[in-house]
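Enquirer: fold the following, please.
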Amino acid sequence: MNTENTQNSNDIPPRTRGRKLTVTTIRQIAKLVALGLNESEACRRLGIDPRAWFNFKSRGKNDDRFKAELETAQAADFEQNLRGIADAGEGKGLKQPDWRARAWVATGEGPKAVQRCRATCQRVF
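Expert: Next up, the predicted model:
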């Protein structure tokens, strides 16, 4: 029988704390969600227990902070996509410019189409 004091025992694994959820972590999760992962998948990719994330979000105004970060990440992703289309229209990274990309953005149909697609995707999921 082991009579050694438990707090001094070396055979008990130390209790590990999960990753602390900071503003940077919230931004990282928001960026991954903006790319199409769900919140649980984003947490797992960052090494965070999804239950800890949802508990964190349920306290105080953390859910509102996440929504604001998610909107910012989605807007940045949208802007990057439009910039890529504009670059294609100018021929950056291509053998020659693609006039259709510029026309799509110029008519205003491009941003409208993306908005419709997002609305449809949100209704489906």
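Enquirer: mind listing what's buried in stretch 32-44?
Expert: Buried residues in stretch 32-44, counted by 16 or more other CB atoms under 10 Å: Leu32, Val33, Ala34, Glu39, Ala42, Cys43. C-beta coordinates here come from the backbone N, C-alpha and C atoms, glycine included.
Enquirer: now do the same contact list for the fourth one.
Expert: Spelled out, it's Glu39. Listed by CB atoms under 8 Å, 6 or more residues apart in numbering, the contact set of Glu39 reads Ile29, Val33, Pro50, Trp53, Phe54.
Enquirer: of these, which is the nearest to Lys20?
Expert: Distance to Lys20 across the contacts of Glu39 (CB to CB) is lowest for Trp53, with 11.9 Å.
Enquirer: what's around that closest one, how many residues?
Expert: Look at Trp53: counted by other CB atoms under 10 Å, it has 24 neighbours.
Enquirer: phi and psi next, for it.
Expert: phi -60, psi -50 (degrees, to the nearest 10).
Enquirer: swap in Thr22?
Expert: Residue torsions, per degrees, to the nearest 10, at Thr22 are phi -110, psi 180.
Enquirer: gap between it and Arg65?
Expert: Distance, Thr22 to Arg65, by CB to CB, to the nearest Å: 11 Å.
Enquirer: more neighbours: those two, which one.
Expert: Between Thr22 and Arg65, counted using other CB under 10 Å, the more crowded position is Arg65 (15 against 9).
Enquirer: hang on, Gly102 packs against Ala86?
Expert: Quick fix: residue 102 reads Arg, not Gly. Yes. Using CB atoms under 8 Å, Arg102 makes contact with Ala86 at a distance of 7.2 Å.
Enquirer: can you show me the helices along this protein?
Expert: 23-34, 39-45, 50-58, 62-90, 99-106, 109-124 (DSSP state H).
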